[in-house]
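Chemist: Predicted model and sequence follow; I will ask about them next.
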Amino acid sequence: MLPAVRKVEGVERIRDGGSLAAKFWSDGGNRYILFVPFRREGPTSYDRPVLIDCDPAKRPQDTERVRYSELGGPYVSISWSQASGLLDEVLKAIGPMDRFQTHALQKMIDVVHRDGVES
């Protein structure tokens, strides 16, 4: 079962070449990222979406040489249809956005509706 979207923190395009991320809060103060990883090769431009649990206690421990971001949290793969449903909830819960977030959200909606194929 997917978490409810209660408050949207933001939407962004990641600097790895184009992955897309929508960060949101759910019930009980749980924070998640709907993440659509960019793929450089193959028939589609994006890999299947994943839902990342941002709880710092669930991420690998930082070491002297490696600092783990919230993108390093545990995740589950979800279907394009499930991602579309989460994005519908994000649209209902999102507040004002700057032009970069607006562009990232529109791109994410387009990619998810096309099952990972860029238009």
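Modeler: Received the coordinates, thanks.
Chemist: mind listing the helices for this structure?
Modeler: For the chain, applying DSSP state H gives helices covering 80-93, 99-113.
Chemist: Can you tell me which of those helices is nearest to R15?
Modeler: Ranking those by proximity to R15 (Cβ to Cβ) places helix 99-113 first, at 11.9 Å. C-beta here means a position set from N, CA and C on the backbone, and glycine is covered the same way.
Chemist: Turn the helices of the chain into CSV, including mean neighbour count.
Modeler: Listed next are the helices of the chain as CSV, based on neighbours: other Cβ atoms under 10 Å:
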stretch, mean neighbour count
helix 80-93, 16
helix 99-113, 17
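Chemist: Same list, those helices, but as TSV with distance to S26 please.
Modeler: Listed next are these as TSV, based on distance: least, Cβ to Cβ, whole Å:
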stretch	distance to S26
helix 80-93	10
helix 99-113	18
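Chemist: Now tabulate those helices in CSV and tack on mean pLDDT and distance to K7.
Modeler: Shown next, in CSV, are the helices of the chain (pLDDT from 0 to 100; distance: least, Cβ to Cβ, whole Å):
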stretch, mean pLDDT, distance to K7
helix 80-93, 96, 6
helix 99-113, 95, 14
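Chemist: E12 is nearest to which of these?
Modeler: helix 99-113 (5.2 Å).
Chemist: What is that closest one packed up against?
Modeler: In terms of contact count using 3 or more Cβ pairs under 8 Å, 6 or more residues apart in numbering; DSSP states H and E, helix 99-113 is assigned the packing partners strand 7-13, strand 20-25, strand 31-36, helix 80-93.
Chemist: wait, which of those is closest to Q61?
Modeler: In terms of Cβ to Cβ, the element of the helices and strands packed on helix 99-113 nearest to Q61 is strand 31-36, at 18.9 Å.
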